[in-house]
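Visitor: sequence and computational prediction follow.
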Amino acid sequence: MDRYQYLLLMAACLAITLPLEFVLGARVYRRPALLVAALVPVVVAFSVWDIVGIWRGHWSYNQLYVTGIDLPLRMPLEELIFFVVIPICGLLTYEAVGQVLRLVRKLRSGANADA
């Protein structure tokens, strides 16, 4: 089970933020082209940075907590998943907060109109 902790944590992050899409109307998954456009630069930049760090011996990954599946250039699969999942969670949170703020402004402006 320890080998899947990293992946389970990423799945939990997605599961916890998924309701933001439907409950608060974050509209991240409903705009796939924008999602991909936001993810590609992040995934590329951080993957390159990670690979360089691995090659230069700046860091490594404890084999007890990763699956052992390495992508080309020795990057663990879990790192790529991290570079995709965490920005998605951040976008969901950002968009959900924006939705809440728009709703609050709308409610306040409606209350001011009634006064």
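Guide: Noted; the coordinates are in hand.

Visitor: show me what the worst-scoring helix or strand of the chain on mean pLDDT is packed against.
Guide: None of the helices or strands of the chain scores lower by mean pLDDT, DSSP states H and E than helix 77-114, at a mean of 92. When contacts are defined as 3 or more Cβ pairs under 8 Å, 6 or more residues apart in numbering; DSSP states H and E, helix 77-114 packs onto helix 5-22, helix 32-55. (Each C-beta comes from the backbone N, C-alpha and C, glycine too.)

Visitor: Ala111: which of these is closest?
Guide: helix 5-22 (25.7 Å; Cβ to Cβ).

Visitor: and Asp50, what does it touch?
Guide: 75, 79, 83 (Cβ atoms under 8 Å, 6 or more residues apart in numbering).

Visitor: in a markdown table: these, plus neighbour count and distance to Ala15.
Guide: As requested, the contacts of Asp50 are arranged in a markdown table below (neighbours: other Cβ atoms under 10 Å; distance: Cβ to Cβ, whole Å):
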| residue | neighbour count | distance to Ala15 |
| --- | --- | --- |
| Met75 | 19 | 25 |
| Glu79 | 19 | 20 |
| Phe83 | 19 | 18 |
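
Visitor: which member of those is positioned nearest Ile51?
Guide: Set against Ile51, the nearest of those by Cβ to Cβ is Met75 (5.3 Å).

Visitor: quick check: phi and psi on Arg27?
Guide: For Arg27, the backbone dihedrals (degrees, to the nearest 10) come out as phi 60, psi 40.

Visitor: do you know how far it is from Ala12?
Guide: Plainly put, Arg27 is 22 Å away from Ala12 if you go by Cβ to Cβ, to the nearest Å.

Visitor: same check, this time on Val97
Guide: Taken as Cβ to Cβ, the span from Val97 to Ala12 is 20 Å.

Visitor: many thanks, have a good one.
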